[in-house]
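Peer 1: With the input below, show me the fold.
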Amino acid sequence: MGAPGPKGDAGESIFAPEGIVSPTSLTVTQNQTATFYCSANGNPKPSVSWSKISGTGLVNTDGQDNKLQIKSAGYNDTGSYVCSAANVLGEVKKMVKLFVEGKMFGGLNHVP
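Peer 2: Predicted structure coming up:
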């Protein structure tokens, strides 16, 4: 049991999670690193997890410290990812989109 707070202290209010993701959309070139951040507020502190939306539903990804980092992104990493923040009062989901482009070879000076 926790110790009671000082007299007149209403204590902390508890509330369902609120989440913010940044950026909401990101385009990287193949083999670059893509990084998304998810900040979540709530009391009790919500747990945060990242998932990728695939044809079979949500696939858990290695998000840590509220950050999703995809190193050496490839074409198959293109898609939508969801940050979920949950505590005992509820859950909030925020979606981000990742686009992976091929390396461009245009723009080079060609000698005729």
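Peer 1: in this protein, which helix or strand is least confident?
Peer 2: strand 63-64 (a mean of 61; mean pLDDT, DSSP states H and E).
Peer 1: neighbouring contacts of the following helix or strand past it?
Peer 2: As assigned by DSSP states H and E, the chain's next helix or strand after strand 63-64 is strand 67-70. Here strand 67-70 makes contact (Cβ atoms under 8 Å, 6 or more residues apart in numbering) with 33-38, 50, 61-63, 77, 81, 83, 96, 98. Placement of C-beta: from N, CA and C, glycine included.
Peer 1: downstream neighbour of strand 67-70 in the secondary structure list?
Peer 2: Counting by DSSP H and E, the next helix or strand C-terminal to strand 67-70 is strand 79-87.
Peer 1: now the longest strand anywhere in the chain against strand 79-87, angle please.
Peer 2: Assignment by DSSP state E gives strand 90-101 as the longest strand of the chain. Between strand 90-101 and strand 79-87, the angle comes out at 160 degrees (axes from the mean of the first three to the mean of the last three Cα atoms, to 10 degrees).
Peer 1: What helices and strands are in contact with strand 90-101?
Peer 2: Contacting strand 90-101 under the criterion 3 or more Cβ pairs under 8 Å, 6 or more residues apart in numbering; DSSP states H and E are the following elements: strand 15-22, strand 25-29, strand 34-43, strand 79-87.
Peer 1: could those strands go into CSV alongside mean pLDDT and distance to Lys103?
Peer 2: Output for these, formatted as CSV (pLDDT from 0 to 100; distance: least, Cβ to Cβ, whole Å):
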stretch, mean pLDDT, distance to Lys103
strand 15-22, 93, 26
strand 25-29, 97, 6
strand 34-43, 94, 15
strand 79-87, 94, 20
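Peer 1: Of the ones you listed, flag the one that's most buried.
Peer 2: strand 79-87 (a mean of 20; mean count of other Cβ atoms under 10 Å).
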